[in-house]
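In: Pasting the sequence and the predicted coordinates here, then a few questions.
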Amino acid sequence: MAQLIQILAVVFFYAASSWAASDPSNHFAKCTEVISFYQQDLFFPTPGLNATTAIALPGTNNATMFAQVAILDDKLTQAPSMDSKLVGRAKGMLVFDSLSNISLLTSLTVELEGRDGNINLLGQSRALEPQRELSIVGGSGEFRFVQGFATLRTYSLEPYGSKIFFQLYVIKLWECLIKSQV
């Protein structure tokens, strides 16, 4: 069974890449979904708020927090306000991995309310840059065979943590393949 799944995956990706290469005007617009939300990163304990990010391993460099590992389970909201409508959760880990700047290796699973499945993000995030990107490396459920990217911007720094604005550009490869055959 596992071998059959591997064969189908290879055939699928070959067909999708062949289709994309044969259509120079293709921008995957017909099968791309843009999803926006605010991550409410509660890094520091604050009265009335439970921290949603915990330090699992303290860092060894105070300037860049090198080697610090944090685990998170953050609220995702529709607007910047903490009381805004909940649209999902971001779960994963952050690894501060630079001696020269504040840089995080970021691994996130985005779970969206009312959706079947999740989206997986991975990449380097230099926290002080005005805009950063992470890769969408896959997903599950309705997000199987997705790729794409996410842009991140720090909306605000708060005494308890930060608010990060995300825009996910989710390319549903399976839909692209099917639409190209019609």
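Out: Now that the structure is in, tell me what you want to look at.

In: mind listing the strands for this structure?
Out: According to DSSP state E, the chain carries its strands in the segments 32-42, 53-57, 69-77, 86-96, 103-112, 118-126, 132-139, 146-158, 161-172.

In: Find the residue ranges of the chain scoring beneath the pLDDT cut-off.
Out: Judged by pLDDT under 70, the chain has its weakly predicted residues at 1-27, 45-48, 179-182.

In: Nearest the geometric middle of it, what residue?
Out: Taking C-alpha atoms, centre = their mean as the criterion, L121 is the residue nearest the geometric centre of the chain, at 3.6 Å.

In: Quick one: residues contacting that one.
Out: Neighbouring residues of L121 by C-beta atoms under 8 Å, 6 or more residues apart in numbering: G92, T106, S107, L108, T109, V110, L134, S135, I136, V137, A150, L168. For the C-beta atoms, the positions are set from N, CA and C on the backbone; glycine is no exception.

In: Tabulate the strands of the chain (TSV), appending distance to A63.
Out: Formatted as TSV, the strands of the chain follow (distance: least, C-beta to C-beta, whole Å):
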stretch	distance to A63
strand 32-42	21
strand 53-57	17
strand 69-77	17
strand 86-96	11
strand 103-112	12
strand 118-126	14
strand 132-139	20
strand 146-158	17
strand 161-172	18
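
In: between those, which one is nearest to I178?
Out: Among the strands of the chain, strand 161-172 comes nearest to I178, with 9.4 Å by C-beta to C-beta.
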